[in-house]
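Enquirer: Need the 3D shape of this:
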Amino acid sequence: MKNLFVKLGSTCFILCTILSVHAHAGKYGTAGCGLGSMLFENKEGMVQILAATTNGTFGSQTFGITSGTSNCDGTNMGEATSRVFIETNREAIAKEIAKGQGETISSLTELAGCIDPTLVGSTLQQSFTSIFPNTSVSDATVSSSIVQILAEHNELSCKNL
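Expert: Numbers count the residues shown, from 1 in each chain. Next up, the predicted model:
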């Protein structure tokens, strides 16, 4: 029995080492960067749902984008990145805009180069109905609305938009 655990532990260690080295070498799939991209890489199909769920469950994508970790290194900050971030995190950002605060808003604040996540949160909260006029509004429309609001409000000082 002891030998079985030793073999299993060794196999697990080798497998984890190979996966971690390989995960850092490849790009991520449609679920984006984060822990999910490290576990499931850029494989196509339903596996990207698992990757997105993993990212969402552990909040690794939001943290990874702002810190440059979790396969998110080399992320360029700016309008295009902000739009992708908003579209990828639409559900979380909708909830946080309704509250006027949260980790996703803080990450967006950093990506857009704005000065204060509290101010960004309250500004977006005031515009909630224009950002989300109905439940069928597209991700692209949501991201365009948010980027436009951030760019139009000079007091936010969003220098990356």
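Enquirer: where in the protein is pLDDT low?
Expert: Counting by pLDDT under 70, the chain contains low-confidence ranges at 1-28, 60, 62-63, 65-69, 73-77.
Enquirer: can you give me the helices in it?
Expert: Counting by DSSP state H, the chain has helices at residues 2-25, 35-40, 47-58, 60-67, 79-88, 90-99, 103-112, 117-126, 128-131, 139-152.
Enquirer: want to throw those helices into TSV with mean neighbour count and distance to C158?
Expert: The way it works is simple: take the backbone N, C-alpha and C, and place the C-beta from them, glycine included. TSV is the format used below for the helices of the chain (neighbours: other C-beta atoms under 10 Å; distance: least, C-beta to C-beta, whole Å):
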stretch	mean neighbour count	distance to C158
helix 2-25	10	31
helix 35-40	23	27
helix 47-58	18	25
helix 60-67	22	15
helix 79-88	20	9
helix 90-99	17	15
helix 103-112	23	4
helix 117-126	18	8
helix 128-131	13	15
helix 139-152	17	5
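Enquirer: how does this structure divide up, domain by domain?
Expert: Structurally, the chain divides into domains by automatic domain parsing as follows: 1-74, 76-161.
Enquirer: Can you lay out the helices of the chain as JSON lines showing distance to L161?
Expert: Below are the helices of the chain laid out as JSON lines (distance: least, C-beta to C-beta, whole Å):
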{"stretch": "helix 2-25", "distance to L161": "30"}
{"stretch": "helix 35-40", "distance to L161": "26"}
{"stretch": "helix 47-58", "distance to L161": "24"}
{"stretch": "helix 60-67", "distance to L161": "16"}
{"stretch": "helix 79-88", "distance to L161": "5"}
{"stretch": "helix 90-99", "distance to L161": "16"}
{"stretch": "helix 103-112", "distance to L161": "5"}
{"stretch": "helix 117-126", "distance to L161": "12"}
{"stretch": "helix 128-131", "distance to L161": "15"}
{"stretch": "helix 139-152", "distance to L161": "5"}
